[in-house]
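**Student:** A predicted structure for the sequence below; I have some questions about it.
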Amino acid sequence: MQTVVLLLLISCAVNGAQDNLNGAKPAQCCDGSVSMAVGALTEKVANLMDKMTQVEAKLDQTETELTQLKSITLGTPKVAFSASLTETGSGNTGPFNIATPLKYKKVFSNFGSNYNPATGIFTAPTKGMYFFRFSMFNNLEEHSNSIVSLTKNGQRVVSVSDTSRSDNRDMGSNAAVFPLEAGDTVYVELAANRLVYDDTMNYNTFTGFLLFTL
């Protein structure tokens, strides 16, 4: 289109020059064609500008979505752990004179390294909603005598118990979902004067992971 306009302008200029040499009035024959061509070119440029505006808007939207996706995939820490009570051998854990955190020493996974097998304590790395589950296998004595509780910052949340029974080899589990602040602690606590049994079958387990940040 630009080439057509230029050719028309050149043609009109040549004709005007010849008319001047011949002493005639400059021709006006091409004015209408040039106006039509310029109008068409203006319309085409306007359409291209509209399309460019639309493309820029889509690019901005895509960039925003990518930023949000990065914040989800990169900004959220990966937090998950699972462990069992006994690393080797078999036998009872407890009794103790006071309530004591159970140390789950055989670690199956510990993404983020927020669970400490030396203390049995999980420390939240970020504010969020967390899931925890634990299982308990009672002692193998004549009368079962086991009570364990999931605790948040030292406060009991849920428990499992098997006491004052004539049978043994019983097992139970419990779970909970609750919010944590960064630095909050969670562990499974063995009640005072109680005990649990475990061996290489890994009956007693402690598992937790971050569901989503808050």
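**Tutor:** Thanks, I have it.
**Student:** Can you check the pLDDT for Thr205?
**Tutor:** Here the pLDDT value assigned to Thr205 is 98.
**Student:** no, scratch that, I was asking about Phe134
**Tutor:** For Phe134, the predicted pLDDT is 98.
**Student:** That one: what's it in contact with?
**Tutor:** 148, 150, 160, 173-175, 188, 204-207 (Cβ atoms under 8 Å, 6 or more residues apart in numbering). For every residue, glycine as well, the C-beta is placed using N, CA and C.
**Student:** Would you mind checking these for buried ones?
**Tutor:** Among these, those scoring as buried are 148, 150, 160, 174, 188, 204-207 (criterion: 16 or more other Cβ atoms under 10 Å).
**Student:** Closest to Leu59 out of the contacts of Phe134?
**Tutor:** Distance ranking of the contacts of Phe134 against Leu59, using Cβ to Cβ, places Thr207 first at 43.9 Å.
**Student:** Just the ones of the contacts of Phe134 in strands?
**Tutor:** In strands, defined here by DSSP state E, the members of the contacts of Phe134 are 148, 150, 160, 173-175, 188, 205-207.
**Student:** Is it possible to get CSV of those that adds distance to Arg194?
**Tutor:** Converted to CSV, the ones in strands among the contacts of Phe134 look like this (distance: Cβ to Cβ, whole Å):
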residue, distance to Arg194
Val148, 8
Leu150, 15
Val160, 11
Ser173, 17
Asn174, 16
Ala175, 20
Val188, 12
Thr205, 18
Phe206, 16
Thr207, 21
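**Student:** That'll do, ta.
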